[in-house]
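Asks: Fold the following and give me the result.
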Amino acid sequence: MLILTRCRGEAIRLLPHPGLNPATPIGELFKNGPIRIVIVDIGPSRMQIGIEANPGFTVIRDELSPRK
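Replies: Here you go, the predicted structure:
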């Protein structure tokens with residue numbers, strides 16, 4: 001599980017992994033179950049979010065995501 005800390009207004013992106021074959025069926029990405037998002041901890045100004053996803057996905061903080 002990947003754990004990220006986010007403050008109010010910050011975002012997380014889930015993107016196809018750059019090396020993922022575009023012909024990969026969507027069912028293949030979810031064969032072991034759905035993406036799971038868990039609130040791990042909540043503080044006064046931030047929260048920790050846990051994310052479990054197939055390796056075919058990239059989970060990235062929004063500010064690090066390449067813009068198109």
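Asks: My guess is Arg46 contacts Ile39. True?
Replies: No - applying CB atoms under 8 Å as the test, Arg46 and Ile39 come out as separate, 11.6 Å apart. For glycine as for every other residue, the C-beta is placed from the backbone atoms N, C-alpha and C.
Asks: who has more neighbours, those two?
Replies: The neighbour comparison of Arg46 against Ile39 (other CB atoms under 10 Å) goes to Arg46, with 13 against 9.
Asks: Nearest spatial neighbour of the more buried one, chain-adjacent residues omitted?
Replies: Cys7 (4.7 Å; CB to CB, 6 or more residues apart in numbering).
Asks: Assess the claim that that neighbour and Ser45 are in contact.
Replies: Yes - using CB under 8 Å, Cys7 is in contact with Ser45, at 6.0 Å.
Asks: Between those two, which has more neighbouring residues?
Replies: Cys7 (9 against 6).
Asks: What does the pLDDT read for that one?
Replies: For Cys7, the model assigns a pLDDT of 93.
Asks: Pull up the gap between it and Pro25, please.
Replies: For Cys7, the distance to Pro25 (CB to CB, to the nearest Å) stands at 37 Å.
Asks: Next, count neighbours for Leu2.
Replies: Residues near Leu2, counting by other CB under 10 Å: 11.
Asks: Low-confidence regions, the protein specifically.
Replies: Scanning the chain for pLDDT under 70 picks out the ranges 67-68.
Asks: What segments of it are strands?
Replies: All strands of the chain, identified by DSSP state E, fall at 2-7, 12-16, 36-42, 46-52, 57-61.
Asks: between those, which one is nearest to Phe30?
Replies: strand 57-61 (10.0 Å; CB to CB).
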